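[1] fold the stuff below for me.
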Amino acid sequence: MSNIRLNSELIIQTIDRLVHRIDDRFPESGLKALCLELLQLGKETESNIRWISQPNLWIRSISAFVILIGLGGLIYSISYVDLKIENTTFSNIVMLAEAIINDLVLLGASIYFMVTTEARIKRKRTLQALNQLRTVAHVIDMHQLTKDPYSSKSGYVNTEHSPKRLLTPFELQRYLDYCSEASALVAKIAALYAQSLPDEGIIKAVNEIEELTANLTRNIWEKIMILN
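    Okay, the predicted model is just below:
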């Protein structure tokens, strides 16, 4: 079995380096501020993954306590059943069996609920973090949306409502490249969650983010190719 795994520390270092690179060329840009937020999300992801990977003893203890109470209650109630019923009829036996089966079904459902509580709490926290990353990906898309590579071509004419074009062709290419890198790093952070919690719902959410960022990166590189 392969031991290849994503390293959260290296991903955070890469985001930090990207922030400094953006600061060198576009110190007042919104993209720099967004990547600073991405850096913070990366650090939170590291702590989240540590929390997800470790067993929650409090939740497990409470779940075990509740399950024991349920089992004790069932045993206690069965102990009060008079097995020497004088009028033992078929209907009485059916009613007794039905009551015991209902108790067992309820107890089984309760045990399942308590046993899966820890996984559900971790899944909820992970999905909330993934939703934040999905939002960051969309904001990156907004940053590159108005960066038109045709604006640097001869013959291009601005309209009254055209956005301001202040970047040179070289600066525009660097800006788009930074957007592409930031988008890829969003996908890498998301993949850390799938690596630590291989739940079907989590993997599906991560795949959606990876598809979103891949499409975004593809659009950005089409613009870069036009520039070149």
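[2] any idea how this structure splits into domains?
    8-54+122-227, 57-115 (automatic domain parsing).
[3] least reliable of the ones you listed going by mean pLDDT?
    Per-stretch mean pLDDT for the domains of the chain is lowest at domain 57-115 (a mean of 68).
[4] returning to what we had before: hey, which of the domains of the chain is tucked in deepest?
    Burial of those is given as mean neighbour count (mean count of other CB atoms under 10 Å); domain 8-54+122-227 ranks first at a mean of 16. C-betas here are computed from N, CA, C, even on glycine.
[5] how far does that one stretch from start to finish?
    In terms of CA to CA, to the nearest Å, the two terminal residues of domain 8-54+122-227 are separated by 34 Å.
[6] distance from it to the middle of the chain?
    Put simply, domain 8-54+122-227 sits 15 Å off its chain's centre (CA atoms, centre = their mean, to the nearest Å).
[7] and stretch 61-69, by the same measure?
    Remark: stretch 61-69 is offset 29 Å from the chain centroid, using CA atoms, centre = their mean.
[8] same thing with stretch 118-130?
    With CA atoms, centre = their mean, you get 8 Å for stretch 118-130.
[9] which residue sits closest to the residue nearest to the spatial centre of the chain, ignoring its sequence neighbours?
    The residue lying closest to the centre of the chain (CA atoms, centre = their mean) is L130, at 2.6 Å. Distances taken as CB to CB, 6 or more residues apart in numbering place A205 nearest to L130, at 4.8 Å, with adjacent residues excluded.
[10] the one you found against Q128, yeah?
    No. When contacts are counted by CB atoms under 8 Å, A205 is not listed as touching Q128 (10.6 Å).
[11] can you pull the contacts of the residue nearest to the centre of the chain?
    Taking CB atoms under 8 Å, 6 or more residues apart in numbering, we find L130 in contact with 190, 193, 202, 205-206, 209.
[12] kindly report the same for E118.
    With CB under 8 Å, 6+ apart, E118 has these contacts: 55-56, 59-60, 63.
[13] 10 Å instead?
    55-60, 62-63 (CB atoms under 10 Å, 6 or more residues apart in numbering).
[14] got it, and P198?
    So P198 contacts V206 (CB under 10 Å, 6+ apart).
[15] try 6 Å this time
    Under the criterion of CB atoms under 6 Å, 6 or more residues apart in numbering, P198 has no neighbours.
[16] what about it, which SS state?
    With DSSP: H, G, I helix; E, B strand; the rest coil as the basis, P198 sits in coil.
[17] and it, how far from L133?
    18 Å (CB to CB, to the nearest Å).
[18] over to I202?
    The value you get for I202 to L133, if CB to CB is used, is 12 Å.
[19] please apply the same query to I52.
    15 Å.
[20] just K122 next, same as before
    17 Å.
[21] again, but for R21
    According to CB to CB, R21 and L133 sit 21 Å apart.
[22] which parts of the protein are strands?
    For the chain, no strands are identified by DSSP state E.
[23] and the helices in it?
    8-25, 30-53, 57-79, 90-115, 117-145, 169-196, 200-227 (DSSP state H).
[24] what angle do the last one and helix 117-145 make?
    Here the directions of helix 200-227 and helix 117-145 differ by 10 degrees (axes from the mean of the first three to the mean of the last three CA atoms, to 10 degrees).
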